[in-house]
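# Take this sequence and fold it.
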Amino acid sequence: AGQTSSTSSTRGTTHTPVALARTERPDHSMAESTAAEALEAFMGSADKQITPQLDEVLKEMADTGQSRQEWLHFRALVAAKLQQVCNEYYRVTKDVEVSGETFDVVLKRLLTLLDEFPNPPFTTQRLCELLLDPHRIYTTSTRKLMNALEKLLTVSSTEPVLSFAPVKPGTYQAVAECDLGKLAADTDGEGPMDVEQAQWPNKTET
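As a prediction, this is how the structure comes out:
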């Protein structure tokens, strides 16, 4: 079986994700099962600790633009990783308040933005790359890191469609989506990142 067709989505609309046929990954069935079990355990835990195995789940998306996990579980993992990374930065550099907002307020806004996506935003691959290796771009600044995360989350389209939903000129979202083009470009000069390939398994109806 090949990939199923996909339909476009914006927030609040129905989205049919692209299915990955299991026959395409015969050598990874054990790893897939183990990753799914680790994610299930993570979802049921109270402390939401991120293990190296769970980092591998994020790394799969960062490296390939694909994930074999359900979006709702993956989103919870991204939220936990986002909190972990931001807290680690803030313990070292408390520079968020210069923008007039507290760290807690900005962090809550980031988590709210992420939670509003019923389907993965088309920036998911870039988001995972940044969370897994934030110091490659932002050495110490918590404020710059959180600003970058907010730009990646202030989008209105979900994968695999790259077109934005119409926004009013002059609004914060319009400015953020314009700036996103600059952020999505590789700062090391290797060219823009391909974010078109994010793929998610079909959710089985019960």
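
# How much space separates A79 from C86?
11 Å (CB to CB, to the nearest Å). Where you see a C-beta, it was placed from the backbone N, CA and C, and this is true even at glycine.

# is it true that V57 touches L77?
Yes: assessed by CB atoms under 8 Å, V57 is found in contact with L77 at 6.4 Å.

# shared neighbours of the two, which are they?
39, 69 (CB atoms under 8 Å, 6 or more residues apart in numbering).

# quick one: low-confidence ranges for this protein?
For the chain, the stretches flagged by pLDDT under 70 are 1-31, 159-206.

# Identify each buried residue in the helix ranked longest in it, please.
Taking DSSP state H as the criterion, the chain has its longest helix at helix 71-92. Judged by neighbour count (16 or more other CB atoms under 10 Å), helix 71-92 contains these buried residues: 71, 73-78, 80-82, 85-86, 89-90.

# got a list of contacts for it?
17, 39-40, 42-43, 48, 50, 54-55, 57-58, 61, 67, 69, 96, 103, 107, 110-111, 114-115, 117-120, 124, 127-128, 131-132, 134, 138, 140-142, 145-146, 149, 200, 203.

# from the buried residues of helix 71-92, which single one is nearest S157?
Checking the buried residues of helix 71-92 against S157 with CB to CB, the nearest one is W71 at 14.7 Å.
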